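Asks: Quick one, structure for this:
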Amino acid sequence: MTLAGHNLTIGYSDRVVGRGLDVALKQGEVLALLGPNGGGKTTLLKTLLGILKPLAGEARIDDRSIQAYSMRDRARRVAYVPQGHNPTFAFTVETVVLMGRTAHGGLFSRPAANDRAVADRALTEFGIAHLKERPYTMISGGERQLVLLARALAQEPQFIVLDEPTASLDFGNQGKVMREIRALAASGHGVLFTTHDPNHALRAADRAYLLRGGERVAEGAVRDVLTRQQLEALYGAPVETLTDPATGQTAFLPG
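Replies: Numbers count the residues shown, from 1 in each chain. I've put the predicted structure just below:
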């Protein structure tokens, strides 16, 4: 199964953000979307998800337009974790994760035993089962991000789309989220995430897609695409490369 955009023109009624964009995500792989602020990353995500209608072209799940799916059927196939989340109500962590099960039942129906079992497995998967009775408003930002990932997993989708999943997280929680992204792919999910840190893409992604000014700059295997020259062109700023002589692994720093 594939989540894809074909010859997309993306944007809003009053402005075009990007044109001629082709992107595809298969189950079992991780695709990192990188680019400067205002380059169209979030708009592209929302178009692939069906939140925004393309101005031209088509977003599809396999050979069917995503707009042809009902909201519930769409949620059964694709889960979305937006950038940041400011909680309003003090729901328990378990309740927040159970919200992911609305794709499989009524919005106001009581969770069935199977729903609770799925939520428990998702909480355990992300190592936060001990938080299930805690108010979502009373846990750390890193823990909230893991709860949102667990909620997405509880939808039992084929694809998970994350908009800057490590934004505002501390160093340790950034690493944990990157590990969980790889684990999701290993379990058969297709994962698409945006990031400003090429090192996160190197660590977690199979492929990288570079977007600047609404145009695709490059796409391909992550270690082929993420070079100093490509990143300098993408961000319009100098980039330094560090290489570990023992492992040959590369890291990038702002110049």
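Asks: Okay, strands next: where are they in the stretch 1-150 of the chain?
Replies: Counting by DSSP state E, counting those that start in this stretch, one finds strands in the stretch 1-150 of the chain at the ranges 2-12, 15-26, 30-34, 56-61, 64-65, 78-81.
Asks: I'd like those laid out as TSV, including distance to Pro165.
Replies: Quick note: C-beta positions are derived from backbone N, CA and C, even for glycine. Shown next, in TSV, are the strands of the stretch 1-150 of the chain (distance: least, Cβ to Cβ, whole Å):
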stretch	distance to Pro165
strand 2-12	17
strand 15-26	15
strand 30-34	11
strand 56-61	21
strand 64-65	27
strand 78-81	6
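Asks: Just name the most buried of those.
Replies: strand 30-34 (a mean of 27; mean count of other Cβ atoms under 10 Å).
Asks: Neighbouring strands of it in the sheet, and parallel or not?
Replies: Strand 30-34 has its sheet partners listed here by DSSP bridges as strand 190-195 (parallel), strand 207-212 (parallel).
Asks: Tell me the helices and strands packed up against the next helix or strand after the last one.
Replies: Pointing back at strand 207-212 there. Moving toward the C-terminus from strand 207-212, the next helix or strand (DSSP states H and E) is strand 215-221. When contacts are defined as 3 or more Cβ pairs under 8 Å, 6 or more residues apart in numbering; DSSP states H and E, strand 215-221 packs onto strand 15-26, strand 207-212, helix 228-235.
Asks: Which elements pack onto the longest one?
Replies: The one in question is strand 15-26. strand 2-12, helix 41-49, strand 190-195, strand 207-212, strand 215-221.
Asks: And the contacts of the fourth one?
Replies: Okay, so that is strand 207-212. Residues outside strand 207-212 that contact it (Cβ atoms under 8 Å, 6 or more residues apart in numbering): 18, 21, 23, 29-36, 39-41, 44, 198, 201, 216-222, 225-226, 230, 233-234.
Asks: tell me the mean pLDDT over that strand?
Replies: In this model, strand 207-212 carries a mean pLDDT of 98.
Asks: Could you do the second one as well?
Replies: The predicted model gives helix 41-49 an average pLDDT of 96.
Asks: elements contacting it?
Replies: Counting by 3+ Cβ pairs under 8 Å, 6+ apart, helix 41-49 packs on strand 2-12, strand 15-26, strand 30-34, strand 56-61, strand 78-81, strand 159-162, strand 190-195.
Asks: Show the average pLDDT along the fifth one.
Replies: Summarised as a single mean, pLDDT over strand 78-81 is 94.
Asks: Do me a favour and get the end-to-end distance for stretch 155-162?
Replies: Counting by Cα to Cα, to the nearest Å, you get 14 Å between the two ends of stretch 155-162.
Asks: which of the contacts of strand 207-212 are buried?
Replies: 18, 21, 23, 30-35, 39-41, 44, 198, 201, 216-219, 222, 225-226, 230, 234 (16 or more other Cβ atoms under 10 Å).
Asks: quick one: low-confidence ranges for the stretch 51-200 of the chain?
Replies: Applying pLDDT under 70 to the stretch 51-200 of the chain picks out residues 84-88, 105-109.
Asks: At which residues are the helices of it located?
Replies: 71-77, 93-98, 113-125, 141-154, 171-186, 198-204 (DSSP state H, counting those that start in this stretch).
Asks: how about the fifth one: buried residues?
Replies: Residues 173-174, 176-178, 180-181, 184-185 are the ones in helix 171-186 that count as buried (16+ other Cβ under 10 Å).
Asks: Quick one: list the elements packing against it.
Replies: strand 30-34, helix 141-154, strand 190-195, helix 198-204.
Asks: Run through who's touching that helix.
Replies: Counting by Cβ under 8 Å, 6+ apart, 28-30, 125-127, 140-143, 145-146, 149, 153, 160, 162, 165-166, 169, 191, 193, 200, 203-204, 206 sit against helix 171-186.
Asks: Nothing else from me, thank you.
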